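> Pasting the sequence and the predicted model now:
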Amino acid sequence: MAIQWYPGHIAKAERQLKEQLKRVDVVLEVRDARIPLTTHHPQTAEWVGNKSRILVINRMDLITPKTQQLWTSWFQEQGETPYWTNAQQGKGIREVAQAAQQTGVQMNQRRKNRGMQPRPVRAVVIGFPNVGKSALINRLLGRRVVDSARRPGVTRQLRWVRISDQIELLDAPGVIPAKLQNQEDALKLAICDDIGEASYDNQRVACGFVDLLKRSPDLATGDRTSTSSLHNRYDVDPTGITGESYLQDLAQTRYQGDEERAARQLLNDFRKGLLGAIALELPPS
Ligand SMILES: Nc1nc2c(ncn2[C@@H]2O[C@H](COP(=O)(O)OP(=O)(O)OP(=O)(O)O)[C@@H](O)[C@H]2O)c(=O)[nH]1
């Protein structure tokens, strides 16, 4: 499905990300609740090194509580603790701040053991494009921004903002370049709009979206299947037809045959949660 990206752009994003990571103690890795695996870059562990990492899964409002519970159990089995947030509405933010603060306690204990003064823990928010990094930063800052300072000796000027006596945050999030491992990942990122600079074809992505839902009708848990969510919203039944035919039918019945408009509408409705809480991934069994 030919989703394109620019190697030069990726190299630059990676350099910036590594520069940001050098300066911090704790990394808040933000993922998209609809695709928590695909919004994880395989190189993250390498980038984070021996720093602390907090796993933040944002857009919790776009999946059902049941799906969230399945993921929480799965992550716990992998030895990870997910922190669920809705950065748009400010849910789950306090817990993330507390977790970051907790890593500072450990860091300061090590400093103390070496005869050093305590200092605030330094954090950065990283994640794929558009997963909600800025929204999270703004929520973490809230009204508690007391000062912001430029630190000398930093090659590129990175600004620290203090979110409490114990935490300082880099004000610019680290963008993980969407290295597209395979077409399935690329499609999911495009559907969720987590792909950034890459360019893709709305109509192909929309058809791929319908086909994906048809392959996995149980993605929407709750009282409705994901395909009946489509039927319900547009009054066009996807049963027995391909994604491509679905888009054509949708365009015919609602958009005077304009498939591009139909595709954009379908994708926007999904992204806004208007098709219901549909996850595009469930934990591997
Ligand atoms: N439904 C929902 N939308 C969210 C949530 N968090 C952020 N958004 C929306 O997602 C979009 C992207 O959020 P940003 O905070 O700009 O994402 P970002 O990761 O900083 O994006 P880049 O700067 O492009 O990398 C915005 O329209 C937000 O309003 C959330 O928890 N739920």
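Arrived safely, thanks for sending.

> Using the three-state scheme, assign Gln89.
With DSSP: H, G, I helix; E, B strand; the rest coil as the basis, Gln89 sits in coil.

> Now do the contacts for the residue lying closest to it once chain neighbours are set aside.
Closest residue to Gln89 apart from its sequence neighbours, by CB to CB, 6 or more residues apart in numbering: Asp61 at 7.1 Å. C-beta here means a position set from N, CA and C on the backbone, and glycine is covered the same way. Counting by CB atoms under 8 Å, 6 or more residues apart in numbering, Asp61 touches 86, 88-89, 91, 273, 277.

> and the strand or helix carrying Arg261, what does it pack onto?
In this structure, Arg261 sits in helix 259-271 according to DSSP states H and E. The contact analysis (3 or more CB pairs under 8 Å, 6 or more residues apart in numbering; DSSP states H and E) places helix 259-271 against helix 202-215, helix 243-254.

> Buried residues of it, list them for me.
Neighbour-count burial for helix 259-271 flags 259, 261-267, 269-271 (criterion: 16 or more other CB atoms under 10 Å).

> ok, of those, which one's closest to the ligand?
Nearest to the ligand among the buried residues of helix 259-271 is Arg271, at 8.0 Å by CB to the nearest ligand atom.

> ok, and the closest non-adjacent residue to that closest one?
Residue nearest to Arg271 in three dimensions, not counting chain neighbours: Asp193, with 5.6 Å by CB to CB, 6+ apart.

> same check, this time on Arg31
Computed as CB to CB, 6+ apart, the closest residue to Arg31 that is not its neighbour in sequence is Thr39, at 4.1 Å.

> Confirm that that neighbour sits in a helix.
No. Counting by three-state DSSP, Thr39 is not found in a helix; it is coil.

> who are the neighbours in contact with Ile35?
Applying CB under 8 Å, 6+ apart, the residues contacting Ile35 are 188-189, 192, 194, 279-281.

> Likewise for Asp237?
Neighbour list for Asp237: His231 [criterion: CB under 8 Å, 6+ apart].

> Phi and psi next, for it.
phi -90, psi 120 (degrees, to the nearest 10).

> just checking, Pro238 touches Leu230?
Yes. Contact criterion CB atoms under 8 Å: Pro238 and Leu230 qualify, at 5.2 Å.

> quick one: the residue nearest to Arg31 from Val205, how far?
If you measure Thr39 against Val205 using CB to CB, to the nearest Å, the figure is 16 Å.
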